[in-house]
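Undergrad: When you get a sec, could you give me coordinates for this:
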Amino acid sequence: MNKKELSDLMRNNRIAMITHLINVAVILLFCLLQAQEGTLSWGYVALVSAVGLAPVIAEYCFFRINQETPAIKHLVAIGFAVFYTLILFTSHHSLMFIFVIPMILIVSIYNDPRYMIMINTGTVFESILISILGATTGKFAYSGRDFAVIQVVAMILIGIILISPQKHSIKIRHRSLHM
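TA: Residues are numbered from 1 along each chain as shown. Okay, the predicted model is just below:
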């Protein structure tokens, strides 16, 4: 691996970590405001804070040791996935799924279509699951069939739209290396 690739990974790690921190902080701010109003318990806020901030702290620790570690890519994606799943399945708001979109966008900087397919499959699966469970139980901030369909289709479109350019970019880069 040459120095440029290493510095690209370092830059990607830094951007991903900062975005992860900001996204978690915004969600936790909303949780704190809801707890202050009495719509969420402080115990719940403590739980989601621990789940949300633990991977962010781990990312920072790994970054301090080695700024070019591939572990950060996985901590960002998996750490936020666990946090997002907890928030999605315990929220009283049907629009919580929107908070995964910035994270899907930011993980795309690693330009790994296989990884993006796995991540997007997970978000689509969760959207379908939350829609089915919401429709059958009336829970999970279910807002009706139309909203559920829009959520699932939006997550599918986001996945397709993000993965296609990555695959194209890799083909172009591969061709230019072999010329």
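Undergrad: quick one, what contacts the most centrally placed residue in the chain?
TA: Against the mean C-alpha coordinate of the chain, by C-alpha atoms, centre = their mean, the closest residue is residue 103 at 3.6 Å. By C-beta atoms under 8 Å, 6 or more residues apart in numbering, the residues touching residue 103 are 19-20, 23, 76-77, 80, 84. All C-beta spots, glycine's among them, are computed from the backbone N, C-alpha and C.
Undergrad: swap in residue 101?
TA: Residue 101 neighbours (C-beta under 8 Å, 6+ apart): residue 158.
Undergrad: And residue 139, by the same measure?
TA: If you count contacts by C-beta under 8 Å, 6+ apart, then residue 139 has residue 133 around it.
Undergrad: which SS state does it fall under?
TA: Following DSSP: H, G, I helix; E, B strand; the rest coil, the label given to residue 139 is coil.
Undergrad: What about residue 33, how many residues nearby?
TA: 12 (other C-beta atoms under 10 Å).
Undergrad: list the buried ones in the host helix or strand of it?
TA: Using DSSP states H and E, residue 33 maps to helix 3-37. Using 16 or more other C-beta atoms under 10 Å as the test for burial, helix 3-37 gives 8-10, 12-13, 16-17, 19-21, 23-24, 27-28, 30-31, 34-35.
Undergrad: Quick one: list the elements packing against that helix.
TA: helix 42-65, helix 71-90, helix 100-107 (3 or more C-beta pairs under 8 Å, 6 or more residues apart in numbering; DSSP states H and E).
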